[in-house]
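Undergrad: sharing a sequence plus its predicted fold:
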Amino acid sequence: MKAQLKKNYIYFLEKYLFKMSVKKLKSDGISVRGFKNLSSIKDHIIDLNVKDHSKINAGIWFDAIKNKYRLNSFLYRYVRTAEIIKKYIDINSSRLIDFGAGSGIFLEYLDLKGVGIDINQGCVDRMKDKGLEAYNLFDLNESFHNTFDHGFAFEVIEHVENQLDVLNSISNYIKDNGYLFVSIPFVKNSRVIKRVDPAKAEKRIENYHIFELDTVDFKNLISHTNFNVESIEHLSPHKPSSIPIFGKIIDKLFRADRPKWTIFVLKKNS
């Protein structure tokens, strides 16, 4: 009985969040067809969520409601993140480095020739195939220190064991007064995610989270680095219900009332 109730809740949750994401994209004037690298984005989403691609039919994978929602969420985040970045820097005249770049789809979306960094060699190879300058994280050395104007680290920090060490390491590659744009999942309270057995993992193991920090704790973490917090912005791919009272209750029930990501705009001290 309990298992069936949970299954029913997830079914209606996915349908509702997808519905509200469609409304959000429409109200914000974001068209799925407007993305030149839509195919690359879809491949990346599959890569994040499926460990063995041979077990799925990529052609129909996005027919599922939950995967349509994943796509809408990605597209919304990319558009809004790009808008935030452009408030602070001129992306076309800057030397940029993207940590945890995956297959370079954000650089591709921005139509930039920045440098992509990833721990997965397959991702590095795919970036190079696209004509991007790309390196495995383990190939970075001191010759790269202080050579980049600004950097990105999107949906990366929650995957690492020592977040402070990673942030301090990233700062070595960015010039003084340069910006680092970081995104993390929005959570109300910080938490440690239970370890996933690699043998039972449904995703690639490096795609699982370890620590998820809330906004206050992540801001406190930054105070131990060589960065200052310039701005904090929360992003939600859901359009709030327009129905008074009852709509708010439904939004809360299906978690459409909260942000999905937090963007930190950090500036390196001189």
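TA: That came in fine, so what should we check first?
Undergrad: show me where the protein has its helices.
TA: Assigned by DSSP state H, the chain shows helices spanning 2-27, 38-49, 58-61, 65-88, 105-110, 121-129, 163-171, 215-222, 246-253.
Undergrad: buried ones in stretch 10-25?
TA: Neighbour-count burial for stretch 10-25, counted by 16 or more other CB atoms under 10 Å, picks out 13-14, 16-22, 24-25. No exception for glycine: its C-beta is placed from N, CA and C like everyone else's.
Undergrad: and the worst-scoring helix or strand of the chain on mean pLDDT, what does it pack onto?
TA: Sorting the helices and strands of the chain by mean pLDDT, DSSP states H and E puts helix 58-61 at the bottom, at a mean of 89. Secondary-structure packing of helix 58-61 (3 or more CB pairs under 8 Å, 6 or more residues apart in numbering; DSSP states H and E): helix 38-49.
Undergrad: and for the helix it packs on, what are the contacting residues?
TA: 32, 35, 53, 56, 58, 61-62, 67, 70-71, 74-75, 78, 102-103, 105, 108-109, 130, 202-204, 207 (CB atoms under 8 Å, 6 or more residues apart in numbering).
Undergrad: which among these count as buried?
TA: Listed as buried from the contacts of helix 38-49 are 35, 61, 67, 70-71, 74-75, 78, 102-103, 105, 108-109, 204, 207; burial here means 16+ other CB under 10 Å.
Undergrad: closest one of those to residue 173?
TA: Using CB to CB, residue 102 comes nearest to residue 173 of these, at 18.1 Å.
Undergrad: quick one: the residue nearest in space to the middle of the chain from residue 81, how far?
TA: Centroid-nearest residue in the chain: residue 155, 3.8 Å away (criterion: CA atoms, centre = their mean). Using CB to CB, to the nearest Å, residue 155 is found at 10 Å from residue 81.
Undergrad: and residue 67, by the same measure?
TA: 21 Å.
Undergrad: residue contacts, residue 192?
TA: 210-211.
Undergrad: bridged to it, which residues?
TA: residue 211 (DSSP bridges).
Undergrad: nearest to residue 264, of the helices of the chain?
TA: Among the helices of the chain, the nearest to residue 264 by CB to CB is helix 215-222 (6.7 Å).
Undergrad: buried sites along that closest one?
TA: Per 16+ other CB under 10 Å, helix 215-222 contains these buried residues: 215, 218, 221-222.
Undergrad: swap in stretch 224-239?
TA: Per 16+ other CB under 10 Å, stretch 224-239 contains these buried residues: 225-227, 233, 235-239.
Undergrad: farthest pair within those residues?
TA: Pairwise over these, using CB to CB, the maximum falls at 226 and 239, 38.3 Å.
Undergrad: buried sites along stretch 83-99?
TA: Buried, per 16+ other CB under 10 Å, within stretch 83-99: 85, 89, 91, 94, 96-99.
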